[in-house]
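Visitor: Model the following, please.
(3 chains)
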Amino acid sequence: MDFGWTEEQRLWRRAVRDFAQNEIAPRVREIDEEEFIPREIVAGMADVGLLAPTVGEEYGGAGADWMMATIAAEELGRADISLAVPVLYLVEAAWGFIFYRYGSSGLKQEYLPRVTRGEAFLGIATTEPGGGSDILGACRTRGQRDGDRWVFNGEKVYISGVRESLDWGGIHLMLARTDPDEDAGHRAFTFFALPLKGTGGVIPTYFDDMGRMGISTGGFALDEVRLPLEHQVGELNKGFYHAMEGFSAARTLIGATCVGASEAALAMGMDQIKLREAFGRPIASFEGVQFPLANLYTDLEGVRLSTYKAAWLMDQMYRHGAATHHDIALAAAMAKLKAPRLGFSIMNEVADWHGAMAYTKECPIEMGIRGIRSYSIGAEGTPNVMRMIIARELLGKDFLPTLYTNKS
Amino acid sequence: MHIVVCTKYTPDSEAKMSVDEEGNISWGDSPLIINPWDEYSVEEALLLRDQHGGTVTVLSVGPEAALEALKHAVAMGADEAVRVWDEACAGSDTLATSYVLAKAVEKMGDVDLVLCGKSTIDAQTWQTGVALATRLGWPSLMYTINLVELRSEERSITVERLLEEGRQVVEAPLPAVLGTTKGINEPRYTSFIGIRKAAQMEYPLWTLEDIGAEREKVGPQGSGVRWPEVFEPPAREGEAEIIEAETIEEKARILTEMLLAEKVI
Amino acid sequence: MNKDILVWVEQFEGEASAASWEAVGVARQLADEGSGGVLACVLGGDGLKDLAEEAVAYGADRVLWAADPTLADFRVEPYATVLQHTVREHEPGTILMAATFRGREIGPALAVRLETGCIADCTELYFENGQLMATRPIYAGKLVSRCLIPERRPQVVTTRVRAFPKPEPDLGREGELVELSVLMAEDEIAVKVTGFEESEGGVSLADAGVIVSGGRGVAGPEGYEPLRELAQILNGAIGASRAAVDAGWIPYEHQVGQTGKTVSPDLYIACGISGAIQHLAGMRTSTVIVAVNKDPEAPIFKIADYGIVADLFDAVPALRDALREKLE
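Guide: Numbers count the residues shown, from 1 in each chain, chains lettered A, B, ... in the order given. Just a heads-up that it's a prediction; the model follows:
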């Protein structure tokens, strides 16, 4: 057991904090209002190595391990509590890794160097109008082989980065049903790299989000969309498993992002309660203020540790073969279950400390509240799905709710 | 081109500084960082290297904490890093430190240009760069805000440097010592790849013997200045001193006197 | 070495910098205490006669001057060489100069040539048991250091600009003018000055030692005019509160506070700023804070060091005039 950081980790945290606090933090309100991340921030992230850092150096990535990737997520969350920049970061870090691991070399050569330079976007598209977390039930988009092409029909919704992908170019990893047999279970889906820009038959839509305004949310309908075979990512009908791998990675980074944003909110709150006076004393001196602070800080430290444990387990598996997908799924689900909800509670508490000002845009906390709600609703899995995963790892597959639903 | 950048570690500029009863300076739990002024020098050196080829070596005289500054410079992109230290160097003023730096630069032998930051944010003497130039007998180009041109084949350099009244345009032969100042460039952030290199690199330690420095020329015996006492400036009252007088002109005069006494104007 | 104090008086186009007269002033005071004389050294291209006489008026007993084309532009090599030679010949125990760009370059260069110490940027100088003691701010003024040069002579000291009062010139004072021989020929000097570009005002917030900041109380874009005049005298920059920026009175680059810039100047003058926590977050580490506000209850007075309760349109011009009288 060692709670210390390596030299590389320590320097990396400092580097990301330095960049994020100087270049991102002062512009969060602007990002929220203008509804996009300025190009110079994206370019700066590329220089620091914050775009898909988990991709290997041969494709312009940094070959970062998950501890390093998680440290960056925490620092970006700390700098941008609206979570727009962290979303850009973590989607690319998690799904860029899956593409790097399973994509065809030609396509990787075409896209990854541009993604790591900030000249193309890389996203994930699994959710459909019928749902997201229940892939088996909700993924209706069909992929059919037609000679040397795959042909797609269907619709994806609530997808991050649709506008970015159309503006900059890039790909979304899209999950499609490739085996129509309902009995095929999880072995019916395959991932494909779908360039939204310039692909015929892709009809984009946009949603007006409540928060994290700097990164777009949209969707697209697929009408006889044709892609060459090399756009298949990973094995045929193994997409579900690749998705689970990506979800574990993304959930870990979401945990860290929410922890970082929560730490920033608490720091802001502590500044406030030390300065703010009521009844002739700083409000920090009231039990009604300091006890919730103590509770929330304690909870946050717990979530932070479990998040970093998830990252550590991922490195144990990918680098040393010393952990399994089950270990990772459990750890990542716990981080994802707790961090966004706790972050939301912390931000609400911090808002209370600020009084009426917190309800105005003078105070940044409202951007945090709007932003973090995204991850406590869903995005890479709802809280109840996290609970199902945790229970599955504890009780075994025999008690999976889906087993009973599907039987009835 | 062989470019040397002199650098030093300092407490973070945000650090809350204090002095304990024994007179030891403390910066609480603030991190040690590269002296912020030195980042401009590192950046300028990297730009010159990219333009003219060659090597950038960062050099620091200091105890192990000096590695913080060297690592930051390597993480920005510097090629080599050298630390010079001996316990005898503790308590050196700029007279002694410039001697050690000059000896280290002379040992390297092939140096074309030395870059220094304008000052360090701790002792803020602004002296080391020009003192080093004097030691080496090289031109001193302090407060350079624009490096107009470096002609590597002619071995000369043109810079604009700051004086109170404006910018002086100066030409000098190489080798020279150039002091950078804010505005000369926008220092880059450290990068993931750079950090990996910085964390894994070996940092050679040169002793006084290695650089052929005489012991009596370093530390307190090699220094001119002593600083027996460091203290915290007296704390202020919680509330503003409201200036009272008959007329607004009188209030303004009183305030002016107070500001002059504070030495902030 | 003797008890004389040599002051290098720097000049630009025949005009001495005020900071040099401050150095002459403190040298005069120290020399009187230590029963020595004040030597002023004036170097330049030509036409130094007036300046040399002025140096006497400000307190020099003897003015050592050299006018030569090699000294027309400020350069370390020829300046330090003449000064070094002058020191050898006249053996002053102490050398003073203002801590300007030039002084901060010449001081250490001369000290190394003389193998002695140089105390930079002093804010106080006094004798203690016959030893010259100096105090100087370090760590951006968060700490103060007391320094001395115990053994080596001569000792070199640079004085912080405006830390010492500029003496009143006494036109009746008499002194001796001594011409120095110039030792370097142009072809021995490595550095060539090929141009000069005079600067044209405008200080950025981040660099400014002084910030004059205006809030809701400035009441409109034209309300910044008196603040600009004040800032100009102090070579300061203009800041603003969010309220003023949002009102469109001044561009965002000037905003200080949580959503603007964080600044830490030596002096922050808050005019018509009530002091919302968001604003305080951006400036509360300033060394000295002055608040000008009509409302004596304004929260800004809680963190300010000095306050004037008045309309800023009365107080700011009055302060401008008072400062102009003192500083110019």
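
Visitor: buried ones in stretch C:282-299?
Guide: C:282-293, C:298-299 (16 or more other Cβ atoms under 10 Å in any protein chain shown). In short, each C-beta sits where N, CA and C put it, glycine included.

Visitor: Helix or strand, whichever it is, which one in chain C has the lowest mean pLDDT?
Guide: Least confident helix or strand, chain C: helix C:277-283 with a mean of 81, by mean pLDDT, DSSP states H and E.

Visitor: which residues touch it?
Guide: For helix C:277-283, contacts defined as Cβ atoms under 8 Å, 6 or more residues apart in numbering or on different chains pick out A:271-272, A:275-276, A:362-363, C:211, C:213, C:215, C:239, C:241-242, C:256-264, C:268, C:270, C:273, C:289, C:299-300, C:303.

Visitor: about what we covered before: out of the buried residues of stretch C:282-299, list just those in strands.
Guide: Using DSSP state E to define strands, the subset of the buried residues of stretch C:282-299 located there is C:288-293.

Visitor: Export those residues as a markdown table, with columns for pLDDT and distance to residue A:66.
Guide: As requested, these are arranged in a markdown table below (pLDDT from 0 to 100; distance: Cβ to Cβ, whole Å):
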| residue | pLDDT | distance to residue A:66 |
| --- | --- | --- |
| C:288 | 93 | 49 |
| C:289 | 95 | 46 |
| C:290 | 96 | 52 |
| C:291 | 96 | 51 |
| C:292 | 96 | 55 |
| C:293 | 95 | 53 |
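
Visitor: Among those residues, which one lies nearest to residue A:298?
Guide: Distance ranking of these against residue A:298, using Cβ to Cβ, places residue C:289 first at 37.0 Å.

Visitor: what's the spacing between that closest one and residue C:312?
Guide: From residue C:289 across to residue C:312, the span is 15 Å (Cβ to Cβ, to the nearest Å).

Visitor: Am I right that residue A:76 is in contact with residue A:50?
Guide: Yes: contact criterion Cβ atoms under 8 Å: residue A:76 and residue A:50 qualify, at 7.4 Å.

Visitor: So for the two, which sits in the more crowded spot?
Guide: For residue A:76 versus residue A:50, the count of surrounding residues by other Cβ atoms under 10 Å in any protein chain shown is larger for residue A:50: 32 against 29.

Visitor: So for the residue of the stretch 51-200 of chain C found nearest chain A, what's the nearest residue that isn't a sequence neighbour?
Guide: Using Cβ to the nearest Cβ, the single residue of the stretch 51-200 of chain C nearest to chain A is residue C:140, 18.5 Å away. With sequence-adjacent residues excluded and distances taken as Cβ to Cβ, 6 or more residues apart in numbering or on different chains, residue C:140 is closest to residue B:121, at 6.4 Å.

Visitor: Helix or strand for residue 96, just tell me which one.
Guide: This is for chain A. Taking DSSP states H and E as the criterion, residue A:96 maps to helix A:84-102.

Visitor: nope, chain C
Guide: With DSSP H and E as the test, residue C:96 turns up in strand C:92-98.

Visitor: again with residue B:143
Guide: Counting by DSSP H and E, residue B:143 is found in strand B:140-151.

Visitor: so what pLDDT did residue 230 get?
Guide: In the absence of a named chain, this looks at chain A. At residue A:230, the model reports a pLDDT of 97.

Visitor: Hmm, no, I was thinking of chain C.
Guide: 95.

Visitor: contacting residues around it?
Guide: C:212, C:236, C:269, C:316, C:319-320, C:323.

Visitor: Now, those residues that are in helices?
Guide: C:316, C:319-320, C:323 (DSSP state H).

Visitor: how about the helices of the chain, start to end?
Guide: No chain was given, so I picked chain A. A:7-19, A:28-34, A:39-48, A:66-79, A:84-102, A:105-116, A:135-138, A:162-168, A:239-275, A:287-320, A:325-354, A:365-377, A:383-395, A:401-407.

Visitor: Chain C was what I was after
Guide: In chain C, the helices defined using DSSP H lie at C:18-33, C:49-58, C:76-90, C:101-113, C:225-233, C:242-246, C:277-283, C:300-303, C:312-327.

Visitor: Pick the most buried one from these.
Guide: Among the helices of chain C, the stretch with the highest mean neighbour count (mean count of other Cβ atoms under 10 Å in any protein chain shown) is helix C:101-113, at a mean of 26.

Visitor: and that one, what's its mean pLDDT?
Guide: Here helix C:101-113 scores 97 as its mean pLDDT.

Visitor: Check whether it comes into contact with chain B.
Guide: Yes: for helix C:101-113, a contact with chain B is found by Cβ under 8 Å from any Cβ of the partner chain, at C:101-102, C:104-105, C:107-109, C:111-113.

Visitor: Now do that helix against helix C:76-90, angle only.
Guide: For helix C:101-113 against helix C:76-90, the angle by axes from the mean of the first three to the mean of the last three Cα atoms, to 10 degrees is 60 degrees.

Visitor: which other residues reach helix C:101-113?
Guide: B:94-95, B:98, B:125-128, B:130-131, B:133-135, B:140, B:142-143, B:162-164, B:224, C:8, C:10, C:19, C:74, C:76, C:79-80, C:83-84, C:87, C:95, C:97, C:99, C:117-118, C:120-121, C:156-158.

Visitor: Work out the gap between it and the centre of the chain.
Guide: On the basis of Cα atoms, centre = their mean, to the nearest Å, helix C:101-113 is displaced by 16 Å from the centre of the chain it belongs to.
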